[in-house]
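Asks: sequence? don't have it. structure:
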């Protein structure tokens, strides 16, 4: 996890399904950086890729933001690896 990941997940929680460009417009990192981080967050199950370039926060992502589990418990999802 990188420090910017929390901000990205918060943006998804506040605004719903988004593209990396929308993450940037809502105050997140640049769309290119957001794209890389969204792919990584999806690999760990915190985001779900709905279609190419469109993501949604998962229940695990919500739980992470609510501090219900530690990021060190995350494993790469078999579906996205």
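Replies: Nice, I can see it. Treat the numbers as computed from the prediction; the structure is a model and nothing was measured. Numbers count the residues shown, from 1 in each chain.
Asks: start to end distance for stretch 23-34?
Replies: 7 Å (CA to CA, to the nearest Å).
Asks: just the buried residues of it, please?
Replies: For stretch 23-34, a neighbour-count test (16 or more other CB atoms under 10 Å) marks 23, 24, 28, 29, 31, 33, 34 as buried. C-beta here means a position set from N, CA and C on the backbone, and glycine is covered the same way.
Asks: try stretch 66-75
Replies: Those would be residue 74, for stretch 66-75 by 16+ other CB under 10 Å.
Asks: hang on, residue 74 packs against residue 45?
Replies: Yes: between residue 74 and residue 45 there is a contact under CB atoms under 8 Å: 7.1 Å.
Asks: what about the buried residues of stretch 23-34, which are in helices?
Replies: When DSSP state H is applied, these are split such that 23, 24, 31, 33, 34 fall in helices.
Asks: closest to residue 4 among those residues?
Replies: For these, the closest approach to residue 4 (CB to CB) belongs to residue 33, at 7.3 Å.
Asks: circling back to that earlier point, now distance to residue 58 too, for the buried residues of stretch 23-34, in CSV please.
Replies: Converted to CSV, those look like this (distance: CB to CB, whole Å):
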residue, distance to residue 58
23, 16
24, 21
28, 18
29, 20
31, 21
33, 21
34, 17
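Asks: what does the worst-scoring helix or strand of the chain on mean pLDDT contact?
Replies: The helix or strand of the chain with the poorest confidence is helix 59-65; it has a mean of 94 (mean pLDDT, DSSP states H and E). For helix 59-65, contacts defined as CB atoms under 8 Å, 6 or more residues apart in numbering pick out 6, 9, 10, 12, 13, 41, 45, 46, 47, 69, 71.
Asks: show me what counts as buried in that helix.
Replies: Applying 16+ other CB under 10 Å to helix 59-65 flags 60, 61, 64 as buried.
Asks: now swap in stretch 7-23 and tell me
Replies: 7, 8, 9, 10, 11, 12, 18, 19, 20, 22, 23.
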